[in-house]
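Undergrad: show me how the following folds:
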Amino acid sequence: MDRARRAKELVANKNSMIYMDLKDIVKDHALPFLPAKSLFRFNGVCKDWKLQIRSPFFAHKQSTSFSDVSGFFLVSASTVPSFISIDSMAYGVPDPSLKFLPEPVDIRASSNGLLCCQGREGYKAYYICNPVTKQWKKLPKPNADHGSDPALVLIFEPSLLSFVAEYKLVCAFPSQDFENGHEFEIYSSKEGSWRISGEIFYGSGSVVPRSGVYANDIIYWYASSGRILVFDLKMERAQLLYGHGYYDSILGVIDGKLCSTKAQGTGVTISVLSNAYTNTMQMHSSVKAWERKLTINLTPAPVPSTVGSSTGSLLFASGNLVLYRCDSKLHSYNLRTKETLFIGDGLCHGTFVPHVNSLVEI
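TA: Here you go, the predicted structure:
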């Protein structure tokens, strides 16, 4: 008897979806997957949608559902930040210059909707902010001197189980006490404080700022030696990894793995890290550190970089997106849709910092 009643209730619950209004189906099952700018436009559809979009629970759900790179902040030391959108109708921020922060800043890193910015005045404080909601937090002063152009990586992984954004900021900095050594300082939002790791690594050369990427509890930076400095965030151990090109490639993450992308021929090649321990194997081992994953033909095609060039045409390659410059124009290529878009003037120079149009609350 009970089994039959439960079966009838299950069928009734499934059938109830059929009789939902289309606007309710969209509100409950489609809106969380949309970017923030589109959601702000939908505030005017009806009162129910407006209340839904403005609720903290919805902001949390959207931050865990939408993860596409929406555009790039263009950062230059001589100008205020600006924003280049992949699709200006869908993606955008209300104040690209970040004037809502208490002082002029440089953008140092980004992660899933959050930006790490550094003030240009005083001791150059760090700020974590969401440029969509204009929410921000000033971090306490670090224990160590990170230098004038710090090699920072911001780590924020949205979770349905955590309504408060928990993030970490990691800096690889030249040691003041150990010559040719690098140390690591870690800020945890959960602890609300900085901590210098006990790990000291020698022989990496200088670490390249803004080259850092994070994948599966490990951070990777390019080093001036052409190799990759690896820092295991859980074990707090560092090592050097053979790179897959330095002057002509950039680091990213694809399918959860570290990838290296370079302009080659009429497009780009993407290789993934398949074995991080080839430097410990015996000589003439057939095991390779990198494995070619994709070769993509692009029209128009990026121009391969040359050794010593600081203005390569390949600007970003991670997840489903490649950003590159061809002549005087910027183009993006989506690996999922296989679509190439013209998105802006390619004559602008600086660092392109990716941004996810998220409602995440700090």
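Undergrad: how about the helices of this structure, start to end?
TA: 2-16, 22-29, 36-41, 47-53, 56-65 (DSSP state H).
Undergrad: what residue ranges in the stretch 101-250 of the chain are flagged as low confidence?
TA: 245-247 (pLDDT under 70).
Undergrad: all strands of it, in order?
TA: Ranges of strands within the stretch 101-250 of the chain are 105-111, 114-119, 126-130, 135-138, 151-156, 167-174, 181-188, 193-202, 213-215, 218-222, 228-232, 237-241, 249-254, based on DSSP state E, counting those that start in this stretch.
Undergrad: state the distance from the residue nearest the centre of the chain to Leu152.
TA: Using CA atoms, centre = their mean, the residue of the chain that lies closest to the mean C-alpha position is Ser111, 4.0 Å off. For Ser111, the distance to Leu152 (CB to CB, to the nearest Å) stands at 11 Å. C-beta here means a position set from N, CA and C on the backbone, and glycine is covered the same way.
Undergrad: try Ser358
TA: 20 Å.
Undergrad: between these two, which is the more surrounded one?
TA: Ser358 (27 against 22; other CB atoms under 10 Å).
Undergrad: hang on, that one packs against Leu115?
TA: No. Ser358 is beyond contact range of Leu115, at 10.9 Å (criterion: CB atoms under 8 Å).
Undergrad: overlap in contacts of these two?
TA: Common contact partners of Ser358 and Leu115 (CB atoms under 8 Å, 6 or more residues apart in numbering): Asn130.
Undergrad: now the strands of the stretch 101-250 of the chain in a markdown table, with distance to Asn320?
TA: Below are these laid out as a markdown table (distance: least, CB to CB, whole Å):
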| stretch | distance to Asn320 |
| --- | --- |
| strand 105-111 | 16 |
| strand 114-119 | 20 |
| strand 126-130 | 22 |
| strand 135-138 | 27 |
| strand 151-156 | 19 |
| strand 167-174 | 23 |
| strand 181-188 | 29 |
| strand 193-202 | 33 |
| strand 213-215 | 15 |
| strand 218-222 | 19 |
| strand 228-232 | 23 |
| strand 237-241 | 24 |
| strand 249-254 | 8 |
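Undergrad: which one of those lies nearest to Val26?
TA: Closest to Val26 of the strands of the stretch 101-250 of the chain is strand 126-130 (CB to CB; 24.6 Å).
Undergrad: helices or strands up against the closest one?
TA: strand 114-119, strand 135-138, strand 167-174 (3 or more CB pairs under 8 Å, 6 or more residues apart in numbering; DSSP states H and E).
Undergrad: output the first one as CSV, nothing but the C-alphas.
TA: This file holds the C-alpha atoms of strand 114-119, laid out as CSV (Å, rounded to 0.1, in the frame of the first residue of the first chain):
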residue,chain,number,x,y,z
LEU,A,114,37.0,37.6,-8.0
LEU,A,115,39.9,40.0,-8.7
CYS,A,116,43.1,40.5,-6.6
CYS,A,117,44.1,44.2,-6.9
GLN,A,118,47.0,46.0,-5.4
GLY,A,119,47.0,49.7,-4.4
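Undergrad: tilt between it and strand 126-130?
TA: 140 degrees (axes from the mean of the first three to the mean of the last three CA atoms, to 10 degrees).
Undergrad: strand 114-119 - contacts with which helices or strands?
TA: Counting by 3+ CB pairs under 8 Å, 6+ apart, strand 114-119 packs on strand 105-111, strand 126-130, strand 151-156.
Undergrad: got TSV for those, with distance to Asn216 too?
TA: Shown next, in TSV, are the helices and strands packed on strand 114-119 (distance: least, CB to CB, whole Å):
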stretch	distance to Asn216
strand 105-111	14
strand 126-130	22
strand 151-156	11
